[in-house]
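Participant: Structure, please.
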Amino acid sequence: MSRFKVSVVIPVFNTSAYVAEAVESAITLPETGEILLIDDGSTDDSFDVCKNIADKYSNVFLYQHPEAKNLGAAASRNLGIQKAKYDYVSFLDADDCYLPNRFSIDKEIFQTKPDADGVYSCNKASFENEEARRKFLTRYPGEITTITEKLSPEQLFKPLLFGGYGRFHTSAITLHKRAFQKTGVFNTTIRFVEDTELWLKLSIKTKLYPGSINHPVSIRRVHDTNSIHQIQNVEEYTKIMYQQLFDWAMKQKFSFEKKNG
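Facilitator: Alright, predicted model coming up:
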């Protein structure tokens, strides 16, 4: 079997206090082939911190958008996908971190299921203070983010769309690069919920398998400045996202009955 190596894409925007810990959590994993830091026009010292990290490790690379512009998480992840040299890609927010078991089951599934385009697992929230916990738990049912049942790839779309079996977090999915050829990359016209849109597209067009859905593989750090607290923006872009998703779906060749039979 070929070696399983992952390109880890980390968008960075004003997270100088956290990004070193994020990198350290991924750099020690045997499956990590490279880490791509994408500075998204930070206005603090994040770029300098990232440059120091990239100078320290031979497999950590730092990129910016043209003219050091702030283009959003979607564009930053897309740049990372474009620069990735390995067949497998995962994502990690600069204020989150991976756990030691991050890719253990992913590797096994990709090596035993040739049709696997992606593997999703479980994520756990870590709260910096009680106010962050309160805000988070007013919107989400608990600290664990996961798909609660082992669904086949054909069963995944409807639960993701309508709920009932949970969901997965961006830092807990690993994708083969061929998946993006089937759906495209992240939608840069929306600044929020762009990841939700891509997961729905992938559940229609690709084979996504459950991985470590009972044991967390990553930690989501919840603090007062998380974008998830911008409820009005999230709700506004969610409406736009579903309309754009519908428009995209109407152009695709697939059967809802087949995908959810």
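
Participant: Quick check: phi and psi at Asn123.
Facilitator: phi -130, psi 150 (degrees, to the nearest 10).

Participant: So which residues of the stretch 1-150 of the chain form strands?
Facilitator: 6-12, 32-39, 60-64, 88-91, 97-98, 118-120, 122-127, 144-145 (DSSP state E, counting those that start in this stretch).

Participant: which other helices and strands contact the fifth one?
Facilitator: Going back to what we said before, that points to strand 97-98. Counting contacts by 3 or more C-beta pairs under 8 Å, 6 or more residues apart in numbering; DSSP states H and E, strand 97-98 packs against helix 19-27, strand 216-222. From N, CA and C alone the C-beta is placed, and that goes for glycine too.

Participant: Need the residues that contact that strand.
Facilitator: Residues from elsewhere that reach strand 97-98 (C-beta atoms under 8 Å, 6 or more residues apart in numbering): 21-22, 24-26, 29, 92, 171, 217-219, 221.

Participant: give the contact list for Lys150.
Facilitator: Counting by C-beta under 8 Å, 6+ apart, Lys150 has contacts 210, 213.

Participant: Look at it and report its pLDDT.
Facilitator: Here the pLDDT value assigned to Lys150 is 96.

Participant: so where's this protein shaky on pLDDT?
Facilitator: Scanning the chain for pLDDT under 70 picks out 1-2, 225-231, 254-261.

Participant: Touching the lengthiest helix in it from outside, list them.
Facilitator: Across the chain, the helix with the greatest residue count (assigned by DSSP state H) is helix 231-249. If you take C-beta under 8 Å, 6+ apart as the criterion, helix 231-249 is touched by 139, 187, 189-194, 196-197, 200-201, 204, 227-228.

Participant: What distance do you get for the most centrally placed residue in the chain to Ala68?
Facilitator: Geometric centre of the chain, nearest residue: Thr170, 2.4 Å, by C-alpha atoms, centre = their mean. As judged by C-beta to C-beta, to the nearest Å, Thr170 and Ala68 stand 24 Å apart.

Participant: quick one: the helices in the stretch 101-250 of the chain?
Facilitator: All helices of the stretch 101-250 of the chain, identified by DSSP state H, counting those that start in this stretch, fall at 104-112, 130-139, 157-162, 178-183, 194-205, 231-249.

Participant: one step back: so the residue nearest to the centre of the chain is in contact with Glu197, correct?
Facilitator: No - taking contacts as C-beta atoms under 8 Å, Thr170 lies outside contact range of Glu197: 11.8 Å.

Participant: what's the burial count for Gly142?
Facilitator: 11 (other C-beta atoms under 10 Å).

Participant: now do Ile10
Facilitator: Neighbour count of Ile10, defined by other C-beta under 10 Å: 29.

Participant: Who are the contact partners of it?
Facilitator: 19, 22-23, 26, 35-38, 80, 91-94.

Participant: Nearest spatial neighbour of Glu31, chain-adjacent residues omitted?
Facilitator: Phe103 (3.9 Å; C-beta to C-beta, 6 or more residues apart in numbering).

Participant: How about the contacts made by that neighbour?
Facilitator: Phe103 touches 4, 6, 29, 31-32, 90, 174, 217, counting by C-beta under 8 Å, 6+ apart.

Participant: Fine, thanks again, bye for now.
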